[in-house]
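# Could you work out the structure for the sequence below:
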Amino acid sequence: MLASSLSSRVVATPRVCGSRYACRASAAEAPAAPKTCFVAMNVFKVKPECSDDFEDVWKSRESHLKEMPGFVRFALLKCSNVPNKYISQSTWESEEAFKSWTQSQQFSKAHGEGKGNKRPNVGAMLEGPPSPEFFSSVTVTE
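Now for the predicted structure:
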């Protein structure tokens with residue numbers, strides 16, 4: 001009974017991309033554009049004695065990310081199974097939005113560039129340089 005009531009409301013329709021099908025509420029509605037995103041991450045290996053200070057720097061910093069067009073979210077992640085491993089993860093609507101961030105005054109401010117920088121030296125807290133990784137979405141579920 002539930003299956004028959006659902007099948008009368010959901011219609012499978014072909015999309016532009018080959019023979020893929022997507023479900024939508026009715027044939028009269030236009031299909032929604034697929035969600036995409038770009039994720040930029042830095043992997044940090046922090047010296048064991050510096051992990052609390054490293055976290056405090058990130059918790060207290062002015063990131064200026066919310067000022068940027070295309071910014072979606074940011075998270076500093078602490079690895080549960082590898083001690084002292086962290087990932088800074090920013091999600092953007094597009095790679096172009098991320099690139100605009102990296103070339104902005106907000107980026108310079110957030111990374112302590114310029115005169116009068118009072119930001120702690122994060123590099124001294126690390127066992128080596130951060131490892132950047134970049135990803136484009138294949139599929140997004142929210």
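
# Distance check, Leu126 against Asn42.
10 Å (Cβ to Cβ, to the nearest Å). No exception for glycine: its C-beta is placed from N, CA and C like everyone else's.

# go on, Val122?
Counting by Cβ to Cβ, the gap from Val122 to Asn42 is 10 Å.

# Among these two, which residue is more densely surrounded?
Using other Cβ atoms under 10 Å as the criterion, Val122 and Asn42 rank with Val122 on top: 18 against 15.

# which residue sits closest to that one, ignoring its sequence neighbours?
Among residues not flanking Val122 along the chain, Val57 sits closest, at 5.9 Å (Cβ to Cβ, 6 or more residues apart in numbering).

# Backbone dihedrals for the spatially most central residue of the chain, both of them.
When Cα atoms, centre = their mean is applied to the chain, the residue found nearest the centroid is Thr91 (2.1 Å). Thr91 adopts backbone torsions of phi -110, psi 130, taken as degrees, to the nearest 10.

# where's it relative to Phe134, distance?
Thr91 is 12 Å from Phe134, by Cβ to Cβ.

# and for these two, which residues touch both?
Residues touching both Thr91 and Phe134 by Cβ atoms under 8 Å, 6 or more residues apart in numbering: 38-39.

# How about the residue nearest to the centre of the chain, nearest residue that isn't a chain neighbour?
Per Cβ to Cβ, 6+ apart, closest to Thr91 is Val72, 4.2 Å.

# dump the residue contacts of the one you found.
Counted by Cβ under 8 Å, 6+ apart, Val72 has contacts 37, 91-93.

# Any buried residues in the helix or strand hosting it, and which?
Here Val72, judged by DSSP states H and E, is contained in strand 71-78. Neighbour-count burial for strand 71-78, with 16 or more other Cβ atoms under 10 Å as criterion, is recorded at 71, 76.

# now do stretch 90-98
Buried residues in stretch 90-98 (16+ other Cβ under 10 Å): 90-92, 95, 97-98.

# Brilliant, that's me finished.
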